[in-house]
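# Structure, please.
(2 chains)
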Amino acid sequence: MTLLQYMQNHSSSGNLEIIGFTGAPAICERLHEMGLHQGQVITLVGRAPLRGPLLIQFGTSFVALRAEEAQCTLIQAR
Amino acid sequence: MHSHSSSVRASADILSVALVGAPNSGKTTLYNWLTGSNFKTVNYPGATVEFSLGRLAPHLRRSEEDPLLVMDTPGTYSLHPKSADEEVTLKALYENPKLGRVDAVIVVVDGTQLSRHLQLVQQMKETGFPMVVVVTMADLLRKQHLQLSLEVLAKEFSCPVVAFEGLLGGGLKELVAAVRSLPASSEVRRPVSWSFTTQESKLKRCQELAELALNQKGAEAQARLQALVQNTRRLDRVLLHPLWGLLLFVFVMGALFTSIFWLAAPVMDVVDAGFSALAQAVVNLAPGVLWTDFLAHGIVSSFGAVLVFVPQIFILFLGIGMLESTGYLARAATLIDKPFSLLGMSGRSFVPVLSGFACAVPAMIATRNISSARDRWITTFIIPLMTCSARLPVYALFLAFLFKDGPAWKAGLTMAILYFASALVGATAAGIVNKFLPQGQNSFFMMELPLYRRPRLQVLLRQALTRTLSYVKRAGPPIFIFATLMWAASTFPHYKLEDPTQKLEQSFAGQVGHVIEPVVRPMGVDWRVGVGLISAFAAREVFVSSLAVTFNITDENEDSAQASLLNQMASAVNSQGEKIFTVASVVALLIFFMIALQCMSTVAISAREMGSYKFALLQLVAFNIGAYALAVAAYQGLKALGLGG
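From the prediction side, this is the model:
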């Protein structure tokens, strides 16, 4: 499932593993450049107000992703 | 962009070196240390959007003639640009307008974000540029008892690796020595795009390297690092909370803009009293003589009328600096992304828009950080509508007039409302443009949220002072020129006339003013204000000094120049004996200044940044016609309600 779908279906935050990327190549490339890759464990911290960007944490990094960017990230719960 | 062309350069010494690194990795801090510059450093990814070039600081030079130049570049996550600022970085390396191609590169990586930032080192290595890797935040790593193995990185990338401490500048000499040791001739290639598989494997290698390099990470160090991360998470739980996050955002912005008025008031009184005393002292030197009249009424009064607002401008810069250095700005951008996206912009537009409240010129340059051309177009279009610091003296004067005998909080609150109103006007303009502009490609936001840092008061004060002084320096020449012109125009040709009103009426300024009076009369003002409005096209602040000259302040019976100007305004009448400054006309003038685009530097930068004079011309015409129409409508409406007398 995508990160966005996970967010919509789960209320609590949890550890997730990135299993792939899908969608616009430019977004996927930038996600890589931000340090996200297959096998990377991330934590979904929450969502900004007004159904704004999703907030994720991995290692010491925090990144905010728009819904369409989260839609490109395929994950599985750990 | 991704061509395989290569070029060879040979010279005896490294003559130029560029700092390249991810946003917020500490490049500008390092650049300041290397060159002895005082560029603003903030805790926000994407703060640098232009390249800067400087000579080495004197203590790092081999000799006085040492030619080594250092270049700071906008932050970039990769050598495949996705926004205008990232394009600037790539061009600065390969086709620099001042250097051609740079000789060498210092790749700056944040020690606390090693695994992510090493990707850029890998890409840079492929290009063949001679390079040194600098690991910043070395002091933070040491504080957290983390030991970094530089050898691991040096071996992997076959280049010198140096640790750098931003607080005290530790590692600076080693870095310069490492740059000088680089081979001066090199074969350089353009960056090549990586396939998905290559990118994946490169990223994984970066992670392995980061773990190897930070192999001394003991249990205590691990715990400290976790505490740092947990602290940021705790703060984000509140600052990005669906309800509290929004309320705090409104509170922070409200506090910033109201404090501009009430915090500055005591200091403004001191400045005002100082200029009044100076003007009186000048008059006393030789009463009734032309040159003392010029100095007192022309120069001292004009500068006093504007410089009295400098404390407010300082507080504005200090407040923005505080938000920048804590790491809150990136959160504010995240909070605002959704509402901004409905107006055709993104959260990345927030910092340029906020900067627009200080000055539209750097704000427009800051839009380079926005990846989508459409978002950037809309953001640049509305920036001149934000209440820049040049409007502050005008607003402050009118609010002081409207709330002359009332408590300071009323003026403060109205000031906050004016700032809010300008944001609302900007949002409306963005909404309209968004509706008519053709849809472009999807923009992306993807904002890195830096770890929170405690701001250092000394640094904040120094930066606010530097920015305020730069404002004064920029405003000074136009004030001087227009003060001289206005004094001469309002004094000659009948300078010997005793009656000041008659003298002004028959002066050159009076004659020009009477010609334009039919245009400004529907706003409820007379030719004297009209002359001020024209002079404001040189710089908005000049409007205040222009009023100070045309209304001939320096009344000996007043405590201060501002009180004198306010009294002159209160009693000023037009040729029909009607009051000029009423609630209706002052509100109309406030609306005019809120919307009108009078700053020619802004017009020039707008044309340069968007690569189109048509764009700048559209702003100029639309905002000035809109401002005039709304001001006239406001005056006529309020007058009909009985507020025009």
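# residue of chain A with the smallest distance to chain B?
Closest approach between chain A and chain B, counting by C-beta to the nearest C-beta: A:Gly35, at 3.3 Å. Yep, even glycine has a C-beta here, placed from its N, CA and C like the rest.
# where's that residue, which helix or strand?
Here A:Gly35 is covered by no helix or strand, with elements defined by DSSP states H and E.
# ok, now B:Ser37?
Secondary structure (DSSP H and E) places B:Ser37 outside all helices and strands.
# Based on its surroundings, how many neighbours for it?
When neighbours are defined as other C-beta atoms under 10 Å in any protein chain shown, B:Ser37 has 15 of them.
# what about the closest residue to it other than its chain neighbours, is that helix, strand or coil?
Nearest in space to B:Ser37, with sequence neighbours left out and distances taken as C-beta to C-beta, 6 or more residues apart in numbering or on different chains, is B:Gly54 at 5.5 Å. Classification of B:Gly54 using DSSP: H, G, I helix; E, B strand; the rest coil returns strand.
# just the one 5 residues further on next, same as before
The three-state label for B:His59, taken from three-state DSSP, comes out as helix.
# With A:Gly20 instead?
strand.
# Quick check: bridge partners of it?
A:Leu74 (DSSP bridges).
# Quickly note the distance from it to B:Asp269.
Distance of A:Gly20 to B:Asp269, given as C-beta to C-beta, to the nearest Å: 65 Å.
# same check, this time on A:Glu68
Relative to B:Asp269, and taking C-beta to C-beta, A:Glu68 is found at 53 Å.
# Count the residues that sit near the residue in the stretch 351-500 of chain B that chain A sits nearest to.
Nearest residue of the stretch 351-500 of chain B to chain A: B:Leu449, at 3.9 Å (C-beta to the nearest C-beta). For B:Leu449, the tally of surrounding residues (other C-beta under 10 Å) stands at 27.
# was I right about it contacting B:Ala332?
No: using C-beta atoms under 8 Å, B:Leu449 makes no contact with B:Ala332, being 10.7 Å away.
# need the contact list for B:Ala22.
Contacts for B:Ala22 (C-beta atoms under 8 Å, 6 or more residues apart in numbering or on different chains) come out as B:Pro45, B:Gly75, B:Thr76, B:Tyr77, B:Val108, B:Val109, B:Asp110, B:Gln113, B:Arg116, B:His117, B:Leu120.
# what would those look like in JSON lines with secondary structure and neighbour count?
As requested, the contacts of B:Ala22 are exported to JSON lines (DSSP: H, G, I helix; E, B strand; the rest coil; neighbours: other C-beta atoms under 10 Å in any protein chain shown):
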{"residue": "B:Pro45", "secondary structure": "coil", "neighbour count": "22"}
{"residue": "B:Gly75", "secondary structure": "coil", "neighbour count": "27"}
{"residue": "B:Thr76", "secondary structure": "coil", "neighbour count": "25"}
{"residue": "B:Tyr77", "secondary structure": "coil", "neighbour count": "26"}
{"residue": "B:Val108", "secondary structure": "strand", "neighbour count": "28"}
{"residue": "B:Val109", "secondary structure": "strand", "neighbour count": "27"}
{"residue": "B:Asp110", "secondary structure": "strand", "neighbour count": "24"}
{"residue": "B:Gln113", "secondary structure": "helix", "neighbour count": "22"}
{"residue": "B:Arg116", "secondary structure": "helix", "neighbour count": "27"}
{"residue": "B:His117", "secondary structure": "helix", "neighbour count": "24"}
{"residue": "B:Leu120", "secondary structure": "helix", "neighbour count": "24"}
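# Throw these into CSV and include distance to B:Leu343 and pLDDT, thanks.
Compiled in CSV, the contacts of B:Ala22 are given as follows (distance: C-beta to C-beta, whole Å; pLDDT from 0 to 100):
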residue, distance to B:Leu343, pLDDT
B:Pro45, 22, 67
B:Gly75, 26, 88
B:Thr76, 27, 92
B:Tyr77, 26, 91
B:Val108, 35, 96
B:Val109, 36, 94
B:Asp110, 33, 90
B:Gln113, 32, 88
B:Arg116, 31, 90
B:His117, 33, 93
B:Leu120, 33, 95
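# B:Val188: what secondary structure?
Judged by three-state DSSP, the three-state class of B:Val188 is strand.
# quick one, what contacts the nearest residue to it once chain neighbours are set aside?
Nearest-residue entry for B:Val188: B:Gly128, 4.8 Å, with adjacent residues in sequence omitted and distances by C-beta to C-beta, 6+ apart. B:Gly128 makes contacts with B:Ser6, B:Ser186, B:Glu187, B:Val188, B:Arg189, as judged by C-beta under 8 Å, 6+ apart.
# Quick check: the closest residue to the residue of chain A closest to chain B other than its chain neighbours vs B:Thr292, distance?
Spatially, and ignoring its direct neighbours in sequence, A:Gly35 is nearest to B:Arg116 (3.3 Å; C-beta to C-beta, 6+ apart). Distance of B:Arg116 to B:Thr292, given as C-beta to C-beta: 66 Å.
# buried residues in the host helix or strand of B:Lys473?
If you go by DSSP H and E, B:Lys473 is part of helix B:457-491. Buried residues in helix B:457-491, counting neighbours by 16 or more other C-beta atoms under 10 Å in any protein chain shown, are found at B:460, B:463-464, B:467-468, B:471-472, B:475, B:478-479, B:482-483, B:485-491.
# One more: stretch B:621-634?
Here stretch B:621-634 shows B:Ala622, B:Phe623, B:Asn624, B:Gly626, B:Ala627, B:Tyr628, B:Leu630, B:Ala631, B:Val632, B:Ala634 as buried, counting by 16+ other C-beta under 10 Å.
# what about the fifth one, which helix or strand?
Right, B:Ala627. Using DSSP H and E, B:Ala627 sits in helix B:613-640.
# which other helices and strands contact that helix?
In terms of contacts (3 or more C-beta pairs under 8 Å, 6 or more residues apart in numbering or on different chains; DSSP states H and E), helix B:613-640 is packed against helix B:373-382, helix B:583-595, helix B:600-610.
# Could you check the angle that helix makes with helix B:600-610?
140 degrees (axes from the mean of the first three to the mean of the last three C-alpha atoms, to 10 degrees).
# quick one: average pLDDT of helix B:613-640?
Here helix B:613-640 scores 95 as its mean pLDDT.
# can you give me the angle that helix makes with helix B:373-382?
50 degrees.
# and the residue of chain B found nearest chain A, how far is that from A:Gly59?
Going by C-beta to the nearest C-beta, chain A is nearest to B:Arg116 of chain B, at 3.3 Å. Using C-beta to C-beta, B:Arg116 is found at 8 Å from A:Gly59.
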